[in-house]
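> The following block contains a protein sequence and its predicted model.
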Amino acid sequence: MLTQSSTRVLEPADLGAALAVLESAPVENAFVAARVQLAGLDPWRLGGEMWGWYSDGHLTSLCYSGANLVPICATPEAVRAFADRARRTGRRCSSIVGPAGPTAQLWRLLEPGWGPARDVRAHQPLMVTEQASTTVRADPLVRRVRKDEMDVIMPACVAMFTEEVGVSPLAADGGLLYQARVAELVGSGRSFARIEDGKVLFKAEIGAATRQACQIQGVWVAPEHRGKGLSETGMAAVLKYALADVAPVVSLYVNDYNKPARAAYRRVGFEEVGAFMSVLF
């Protein structure tokens, strides 16, 4: 334990203290908490470093530094310390993402050296529910994607990613890492779709999952089927699976300008409880 306010790279022995911080805000921290619960704090297994901020000798804030830079329960003092460390190490991430307040502060400090960003999404509503929809009937044709359906689901995943992020996930390495991630979600039973005649009409995944909360991601409807309510009935179906099989609280976050999606999720039963922010490079 440090005896003053300071930041350092956490080690495997710090796992218990890190989990205590992550579990203090289980919905906001689901993405990173899921990785840490699975991989621990070893950088090789975790896919990045976990930085810790100690205040009066106690670990109070974290920052995950990997493919994403993610401030966690970060106080203003912690954010300044994380920004100093990030400037020293240089930008290795493809995005900064996290709760809107700390992420905005972190970006203000890093932008002079790391900017310009390709896109800044300053307000992405965080939406949460703890019960299955009482107003929207779950689509009975939405089901788990089978392992032998990777060739069917991959084009839909690529289309969703490209629409959402603005670049293809196949650009960097031919899609090897992205295909491995999709295969992981399919293999773990967390990929869902409505498939008819070999084509995906609707799809979504439970991307992060802990004992306390899980996060739905990658919601996509085939362009020719949009406007038919498939996003609502499909989400209602995925929500039922998530609550029954994964966690007692289900969350997602959405771009604030995507008003149709926000309205659809509200009709399913999700409520806005906060906001995330994403900086894309």
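Thanks, I have it. Numbering: from 1, shown residues only.

> From now on I want contacts and neighbour counts done on CA atoms only, so please keep to that.
OK.

> For the chain, which residues score under the pLDDT cut-off?
1-4 (pLDDT under 70).

> Which parts of it are helices?
Under the criterion DSSP state H, the chain contains helices at 15-23, 30-39, 43-46, 76-89, 100-114, 150-165, 176-187, 230-245, 259-268.

> Would you mind pulling the contact partners of the fourth one?
Applying CA atoms under 8 Å, 6 or more residues apart in numbering, the set of residues contacting helix 76-89 from outside is 6-7, 51, 53, 61, 63, 71, 102, 105-106, 109-110, 113.

> try 7 Å this time
Residues outside helix 76-89 that contact it (CA atoms under 7 Å, 6 or more residues apart in numbering) are 7, 53, 61, 63, 102, 106, 109-110.

> ok, those residues vs Asn255, which is closest?
Lowest distance from Asn255 to those (CA to CA) belongs to Pro102, with 17.8 Å.

> For Gly113, see how far away that closest one is.
For Pro102, the distance to Gly113 (CA to CA, to the nearest Å) stands at 18 Å.

> same thing with Trp44?
Applying CA to CA, the value for Trp44 to Gly113 is 27 Å.

> Gly101 too?
The gap separating Gly101 from Gly113 is 20 Å, by CA to CA.

> higher neighbour count, those two?
Gly101 (17 against 10; other CA atoms under 10 Å).

> who's in contact with Leu230?
Leu230 neighbours (CA under 7 Å, 6+ apart): Phe202.

> again, 10 Å this time
When contacts are counted by CA atoms under 10 Å, 6 or more residues apart in numbering, Leu230 touches 138-139, 142, 194, 201-203, 220-222, 236, 264.

> ok, now Thr210?
Contacts for Thr210 (CA under 10 Å, 6+ apart) come out as 23, 26-27, 29-38, 246-249.

> cool, Gly207 as well?
Gly207 touches 30-31, 34, 181-182, 184-185, 190-191, 214-218, 252, counting by CA under 10 Å, 6+ apart.

> Just list whatever residues bridge to Met277.
Counting by DSSP bridges, Met277 is bridged to Gly98.

> how many neighbours does the residue lying closest to Pro71 once chain neighbours are set aside have?
Spatial nearest neighbour of Pro71, chain neighbours left out: Cys63 (4.4 Å); criterion: CA to CA, 6 or more residues apart in numbering. For Cys63, the neighbour count with other CA under 10 Å is 26.

> In contact with the closest residue to Pro99 other than its chain neighbours, which residues are there?
Distances taken as CA to CA, 6+ apart place Phe276 nearest to Pro99, at 4.3 Å, with adjacent residues excluded. Contact partners of Phe276, counting by CA under 10 Å, 6+ apart, are 28, 97-104, 121-126, 253-255.

> Need the residue closest to the centroid of the chain.
Nearest to the mean C-alpha position of the chain, by CA atoms, centre = their mean, lies Phe31 at 5.0 Å.
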